[in-house]
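Novice: Attaching a predicted model along with its sequence, questions to come.
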Amino acid sequence: MDITRLRHIAAVADTLSFSRAAEQQNITQPALSRSIAAFEARHSLKLFDRGRGGVTVTPAGEFVVGEARALIRASDEFARNVRLYAQGAAGRVAFGIGPLLASLVLPGLGSRLLAASPSLEIATLIKPAVDLLPDLYDDSIEMIIGTDWQVADASGIAIEEIALLDLAHVVRGDHPLARLDQVTPEDLAAYPAARPVGMTTGKADAGAFICDNFHILRETALATDCTWITAPAFVRQELAEGRMKALAVEGRALAKSRICMITLAGRTRSPAARIVADLVQQAVRGCARG
């Protein structure tokens with residue numbers, strides 16, 4: 001169905017004048033008349049009667065005009081939704097993100113996205129990158145934001161580094177190790193470790209509390225003798241207030257965590273996914289600088 005022709009029909013019904021309808025639709029009156037005549041001929045219907053008193057809508061015309069208005073509204077809504085989708089302001093975006101990054105960036109990211117694009121549906125999966133690969137392969141998510149050390153050799157993916165995030169051994173501010181200017185690996189080994197699933201500390205721990213929720217890991221480290229490897233950016237306030245301390249470990253300089261965007265190779269991301277990726281990059285790089 002030609003939406004433009006339906007607009008012509010609705011305009012005549014609105015104005016009860018072919019000349020005013022033609023002006024409203026920005027076409028000539030003969031062109032408008034031909035458009036409506038073509039519709040009438042195709043469907044064997046008479047939509048308008050023209051007489052000295054002006055234009056009158058026929059019963060068939062009343063039916064067609066009602067249907068035309070519904071289609072015009074649907075067409076306008078469709079165009080609006082496509083425009084919003086192209087701007088990344090509507091539709092659905094799903095992505096996976098590692099536990100630490102989720103704790104660092106998701107609260108701010110969610111509020112920024114929903115403030116700018118309240119029609120956008122945002123779905124997140126929080127797992128280590130290696131556990132998110134099946135979701136990426138079956139298109140449940142469009143991308144993974146996280147470390148790539150466990151997935152670097154996976155097939156069919158593209159990896160883009162977006163930031164390097166500092167890591168440190170931290171303990172509560174009144175921990176016995178917090179009094180030392182430098183601790184040894186043996187000092188660390190005397191205490192349990194708080195750590196996420198899949199992370200090894202490089203030492204034989206006295207014990208361990210393993211959890212992928214970094215907020216719980218933080219509370220555990222604050223309340224126990226656990227040592228904890230995390231991003232100083234995540235505990236910036238606790239470090240500033242002295243409730244936590246970053247340890248200097250002899251011969252144990254921690255490498256920076258390489259934060260990457262992982263997608264299916266050759267796959268075009270949705271506009272919303274591109275916007276999410278840009279905002280995550282900004283947030284992660286901000287944490288890395290901070």
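Specialist: Alright, I've got the coordinates.

Novice: hey, let's count contacts and neighbours off CA atoms from now on
Specialist: Noted.

Novice: neighbours of Glu250, just the number please.
Specialist: By other Cα atoms under 10 Å, 13 other residues sit near Glu250.

Novice: Give me the spatial nearest neighbour of it, chain neighbours excluded.
Specialist: Excluding the flanking residues, the one nearest Glu250 by Cα to Cα, 6 or more residues apart in numbering is Thr184, at 5.1 Å.

Novice: how close does that neighbour sit to Pro271?
Specialist: Remark: distance between Thr184 and Pro271 (Cα to Cα, to the nearest Å) = 49 Å.

Novice: for Trp228, same thing?
Specialist: Separation of Trp228 from Pro271 (Cα to Cα): 38 Å.

Novice: and what of Ser117?
Specialist: For Ser117, the distance to Pro271 equals 12 Å [Cα to Cα].

Novice: that older thread, quick one: contacts for the residue nearest to Glu250?
Specialist: When contacts are counted by Cα atoms under 8 Å, 6 or more residues apart in numbering, Thr184 is found next to Val249, Glu250, Gly251.

Novice: mind checking how far the last one is from Glu186?
Specialist: Here the criterion is Cα to Cα. By it, Gly251 lies 11 Å from Glu186.

Novice: quick one, helices of the stretch 1-150 of the chain?
Specialist: Along the stretch 1-150 of the chain, the segments classed as helices by DSSP state H, counting those that start in this stretch run 3-15, 18-24, 29-43, 59-86, 99-116, 129-137.

Novice: Now tell me which of those helices the model trusts least on average.
Specialist: Mean pLDDT per stretch puts helix 99-116 lowest among these, at a mean of 83.

Novice: Compute the inter-axis angle for it and helix 129-137.
Specialist: Interaxial angle, helix 99-116 versus helix 129-137 (axes from the mean of the first three to the mean of the last three Cα atoms, to 10 degrees): 50 degrees.

Novice: How about residues contacting helix 99-116?
Specialist: Helix 99-116 is contacted by residues 89, 120, 126-128, 145-146, 212-215, 230, 233-234, 276, 279-280, 283-284, 287 when judged by Cα under 8 Å, 6+ apart.

Novice: Buried residues, that helix. List them.
Specialist: Buried residues in helix 99-116, defined by neighbour count with 16 or more other Cα atoms under 10 Å: Pro99, Leu100, Leu101, Ala102, Ser103, Leu104, Val105, Leu106, Leu109, Leu113.

Novice: try stretch 273-287
Specialist: Within stretch 273-287, the residues scored as buried using 16+ other Cα under 10 Å are 273-277, 279-285, 287.

Novice: Same check on stretch 134-144?
Specialist: Along stretch 134-144, these residues count as buried under the neighbour rule (16+ other Cα under 10 Å): Asp135, Leu136, Ser140, Ile141, Glu142, Met143, Ile144.

Novice: Taking those, tell me the two that lie furthest apart.
Specialist: The largest separation in the buried residues of stretch 134-144, counting by Cα to Cα, is between Ser140 and Ile144 at 11.0 Å.

Novice: hang on, the earlier thing: overlap of the contact sets of Ser117 and Pro271?
Specialist: Both Ser117 and Pro271 are contacted by Gly88, under the criterion Cα under 8 Å, 6+ apart.

Novice: Give me the more crowded residue out of Gly251 and Glu186.
Specialist: Taking neighbours as other Cα under 10 Å, Gly251 and Glu186 compare with Glu186 leading, 13 against 9.

Novice: From Tyr85, how far off is that one?
Specialist: Using Cα to Cα, Glu186 is found at 56 Å from Tyr85.

Novice: do Leu177 as well
Specialist: From Leu177 to Tyr85 the distance is 53 Å (Cα to Cα).
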